[in-house]
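Colleague: give the three-dimensional model of this entry:
(chains A and B)
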There are 2 protein chains.
Amino acid sequence: MKRKIRIVDTTLRDGMHAVSHQFTPEIMAEIAQRLDEAGVDTIEIGQGDGIGGSSYQYGFARATDEEYIKAVSKVLKNAKLDVLLLPGIGTIEDLKVAHHYGAKVVRVATHVTEADVGEQHIKFAKSIGMEAIGFLMMSHMAEVDKIVEQAKKFASYGADAIYVTDSAGALTPNEIAARIKAVKEATGLPIGHHAHNNLGLAIGNTLAAIEAGADIVDGTCKGIGAGAGNAQLEVLIAVLTKLGYETGVDLYKIMDVADDVVVPHMVRPQVIDKNSLSIGYAGVYGSFLLHALRASERFKVDTRDILMEMGKRKTVGGQEDMIINVAYELSKQK
Amino acid sequence: MKRKIRIVDTTLRDGMHAVSHQFTPEIMAEIAQRLDEAGVDTIEIGQGDGIGGSSYQYGFARATDEEYIKAVSKVLKNAKLDVLLLPGIGTIEDLKVAHHYGAKVVRVATHVTEADVGEQHIKFAKSIGMEAIGFLMMSHMAEVDKIVEQAKKFASYGADAIYVTDSAGALTPNEIAARIKAVKEATGLPIGHHAHNNLGLAIGNTLAAIEAGADIVDGTCKGIGAGAGNAQLEVLIAVLTKLGYETGVDLYKIMDVADDVVVPHMVRPQVIDKNSLSIGYAGVYGSFLLHALRASERFKVDTRDILMEMGKRKTVGGQEDMIINVAYELSKQK
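Modeller: As a prediction, the model looks like this:
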């Protein structure tokens, strides 16, 4: 038996993107209970953009953070309840509420070059006895040295673990492996990986991350998640079990949760289409897609050309307004 | 730019399994024409089990080999038309017909330990001027040395290239890489890889194969294929293009073929479910599934337990009758 890999399920948080944040607290409780019974170590829940995410800008969730956390806390026997916090979207007040109703773990998520905006959140979480994980998003947008620098910042704030997150599903196995290895060597902390499947590599990249030293990995039942979805958890468990890693998760039980419990609540099957593939290829935020589709119609340019150009310019979340400019420029070039 | 990778599309052959072999010659011609325009090098067509496969035992195809090959030959401008031949299912007579109507390439497919049953077919194909490729199926069932021995046999018959085929989708990237590297070193021939996605690794394994030296790789639009399907071709092209490999395939065009031309002809989206995942995990033939589902009902044992036991016993195609025995034994153990 190889070493133990900690499994974090994000079906009830990243998967919320795929259902327009409409899982009810009852659905969350039903799925979370089954995940707990299957042996999943940590279960992340909430609006897709984390606590405080339910809003006009990010999409209203069916219920409040409080309602979700209360419903899920009640059913968990062994799994730790985890929430995601994007500073700027969620606040320390939101974290207090989450903790009050039962969240034990918080992942403080920042752009890969901006760990410092998470300093107060990591420190606060530690001060109230939570596990706090630094979560570096869009890690394809920085070189290894830069990621190491940012990971060290999270470590200096007291983070218990660091994630190298491939938010756009834009990385390939060797690129992931280099990032994981460097961050692990530099911090000595447990390192995690969160994959997206835009390039069809979610399972391959997660395996590469583990072989490079990752200790914690994310997945979702049936791969449900933003864009092309995440690493399909039951598939990941099969691969890791086959290769001799210990995950604590029962293979048959997690297959049953995925096919029998989660599928009936899905709006559509999680597949890769030209839009999500272009997101991964261009390496841009998934949230750019809707804007690019609209601009494509208005300026009669290919959506993919817009996304590719946004990728070349290394735009980040919040720069959605540039999409109109890019589409306009592309239409003039034609 | 890295080296050129030859792309073989098997949408119109492996994909036939996913539509019960019901693509019409018109559908094949429409898709093949678009694949050709997108720059795909080689296009394999026919009943899912290859030429001569249309039968009571393997499933009747909508049309004859002759009708499919005639329809597709007519529309191809640059791509080479390829057929699969499983000795025992297809014959040299079938190959003559295929060649007469325009097939330029034949892949002679045998179980990984039985290359010798393909000797006469490779030699005949070469004698009539066809390109002949040795295709070693179920390559997870043999160790590297055995595969090398079998590949050398194919080479000695005059094969132009050798495939290491993961028919059950049961291999992981390091296992593929070891096989490809060894076969390439031993034969000096171009080496191919045909992946299945049962463990979610079709793209990851194909990339590992290429990094280990593979020169030819297979894929299907939207991943359509037997079981969990194949490497999703448009995704594979995106990954290879992004990494600097030359494929000759236009990324936007192949995305459009997949989403706009192939999807409307699909019966269901290609996803991984607990059945196809169990096939990959157990490493058994996809054709065992239906028998295992029936035996599961009759003997009240979990389908997955039957498949796992068949895998442990290293059963091969043709041993479907053992499924009843295994199910009976498992029911007694309970």
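
Colleague: what secondary structure does the residue of the stretch 51-200 of chain A found nearest chain B sit in?
Modeller: Going by CB to the nearest CB, chain B is nearest to A:Gly200 of the stretch 51-200 of chain A, at 3.6 Å. C-betas here are computed from N, CA, C, even on glycine. Secondary structure, DSSP: H, G, I helix; E, B strand; the rest coil: A:Gly200 is coil.

Colleague: over to A:Gly213?
Modeller: coil.

Colleague: next: A:Val108.
Modeller: Assignment for A:Val108 (three-state DSSP): strand.

Colleague: residues contacting it?
Modeller: A:85, A:87, A:118, A:121-122, A:125, A:132-135, A:154, A:159 (CB atoms under 8 Å, 6 or more residues apart in numbering or on different chains).

Colleague: make CSV out of the residues you listed and add neighbour count, secondary structure and distance to A:Val267.
Modeller: Below are the contacts of A:Val108 laid out as CSV (neighbours: other CB atoms under 10 Å in any protein chain shown; DSSP: H, G, I helix; E, B strand; the rest coil; distance: CB to CB, whole Å):
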residue, neighbour count, secondary structure, distance to A:Val267
A:Leu85, 31, strand, 26
A:Pro87, 20, strand, 30
A:Gly118, 27, helix, 32
A:His121, 25, helix, 32
A:Ile122, 26, helix, 35
A:Ala125, 29, helix, 33
A:Ala132, 25, strand, 33
A:Ile133, 26, strand, 29
A:Gly134, 29, strand, 32
A:Phe135, 28, strand, 26
A:Phe154, 28, helix, 35
A:Ala159, 28, coil, 35
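
Colleague: okay if I get those as JSON lines plus distance to chain B and pLDDT?
Modeller: Shown next, in JSON lines, are the contacts of A:Val108 (distance: CB to the nearest CB, whole Å; pLDDT from 0 to 100):
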{"residue": "A:Leu85", "distance to chain B": "29", "pLDDT": "98"}
{"residue": "A:Pro87", "distance to chain B": "31", "pLDDT": "97"}
{"residue": "A:Gly118", "distance to chain B": "30", "pLDDT": "98"}
{"residue": "A:His121", "distance to chain B": "33", "pLDDT": "98"}
{"residue": "A:Ile122", "distance to chain B": "33", "pLDDT": "98"}
{"residue": "A:Ala125", "distance to chain B": "33", "pLDDT": "98"}
{"residue": "A:Ala132", "distance to chain B": "30", "pLDDT": "98"}
{"residue": "A:Ile133", "distance to chain B": "25", "pLDDT": "98"}
{"residue": "A:Gly134", "distance to chain B": "27", "pLDDT": "98"}
{"residue": "A:Phe135", "distance to chain B": "23", "pLDDT": "98"}
{"residue": "A:Phe154", "distance to chain B": "28", "pLDDT": "98"}
{"residue": "A:Ala159", "distance to chain B": "29", "pLDDT": "98"}
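
Colleague: now the residues you listed as a markdown table including distance to B:Leu189?
Modeller: As requested, these are arranged in a markdown table below (distance: CB to CB, whole Å):
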| residue | distance to B:Leu189 |
| --- | --- |
| A:Leu85 | 55 |
| A:Pro87 | 56 |
| A:Gly118 | 53 |
| A:His121 | 57 |
| A:Ile122 | 55 |
| A:Ala125 | 58 |
| A:Ala132 | 55 |
| A:Ile133 | 49 |
| A:Gly134 | 49 |
| A:Phe135 | 47 |
| A:Phe154 | 50 |
| A:Ala159 | 51 |
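
Colleague: which one of these sits closest to A:Asn78?
Modeller: For those, the residue nearest A:Asn78 by CB to CB is A:Ile133; the value is 18.9 Å.

Colleague: quick one: the closest one and A:Thr110 touch, right?
Modeller: No: between A:Ile133 and A:Thr110 there is no contact under CB atoms under 8 Å: 11.7 Å.

Colleague: just the helices in the stretch 51-200 of chain A please.
Modeller: Counting by DSSP state H, counting those that start in this stretch, the stretch 51-200 of chain A has helices at residues A:65-75, A:92-100, A:119-127, A:144-157, A:173-187.

Colleague: let me have those in a markdown table, extended by distance to B:Val40.
Modeller: Shown next, in a markdown table, are the helices of the stretch 51-200 of chain A (distance: least, CB to CB, whole Å):
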| stretch | distance to B:Val40 |
| --- | --- |
| helix A:65-75 | 47 |
| helix A:92-100 | 51 |
| helix A:119-127 | 50 |
| helix A:144-157 | 36 |
| helix A:173-187 | 25 |
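
Colleague: and the pLDDT at the spatially closest residue to A:Asp36 that is not a sequence neighbour?
Modeller: Nearest non-adjacent residue to A:Asp36, counting by CB to CB, 6 or more residues apart in numbering or on different chains: A:Ala79, 4.3 Å away. Note on A:Ala79: pLDDT of 98.
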